[in-house]
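Colleague: quick one: sequence plus predicted model below, questions after.
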Amino acid sequence: MQKPIILVGGGGHCKSVIEAAESAGCEILGILDLPEFIGAKILGYEVLGSDTDVAKYADKAEFVVTLGFIKNPALRIKLHGNIINQGGKLATIIASTSHVSNPVSYTHLRAHETELHL
């Protein structure tokens, strides 16, 4: 059974990922965002803490970086590293409306996950 997920980043891309995660049947535990947003709700999900709180949830959930792509990917890369360094595991969400080409399988996607995220 897949662990619940925590989304890291609470902006517009987070809202899109919430929709995809819900369609895939994922349980969303909450969101990590900037400290000033702790306690706020985004589409009904609570901001539980900031990205420095990953270790607190590492045994309860997997993580998805939901910071949208801004001109430079450095912050997204830093967040991925931060999750790994705090003992967190990165999750993969495949929306119910997605289509995966015949030569590619979910197993193939998972095998390349570490390569793609690091």
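Modeller: Perfect, thanks for sending it. Numbering: from 1, shown residues only.

Colleague: so what pLDDT did the residue nearest the centre of the chain get?
Modeller: Nearest residue to the geometric centre of the chain (Cα atoms, centre = their mean): residue 64, 1.1 Å. For residue 64, the model assigns a pLDDT of 94.

Colleague: contact partners for it?
Modeller: Residues near residue 64 by Cβ atoms under 8 Å, 6 or more residues apart in numbering: 5-8, 17, 21, 90-91, 93. Where you see a C-beta, it was placed from the backbone N, CA and C, and this is true even at glycine.

Colleague: if you set the cut-off to 10 Å instead, what comes out?
Modeller: Neighbouring residues of residue 64 by Cβ atoms under 10 Å, 6 or more residues apart in numbering: 5-9, 14, 17, 20-21, 26, 28, 83, 90-93.

Colleague: how close does it sit to residue 53?
Modeller: Look at residue 64 and residue 53: by Cβ to Cβ, to the nearest Å, they are 15 Å apart.

Colleague: same question, residue 67
Modeller: Distance of residue 67 to residue 53, computed by Cβ to Cβ: 16 Å.

Colleague: between those two, which one's more packed in?
Modeller: residue 67 (20 against 16; other Cβ atoms under 10 Å).

Colleague: wait, doesn't that one sit right on residue 82?
Modeller: No - in this structure, residue 67 is not within contact of residue 82 by Cβ atoms under 10 Å, at 11.3 Å.

Colleague: what's the overlap in contacts for these two?
Modeller: Common neighbours of residue 67 and residue 82 (Cβ under 10 Å, 6+ apart) are 8, 51.

Colleague: could you pull out the strands in this structure for me?
Modeller: With DSSP state E as the criterion, the chain has strands at 5-8, 28-32, 41-42, 45-49, 62-65.
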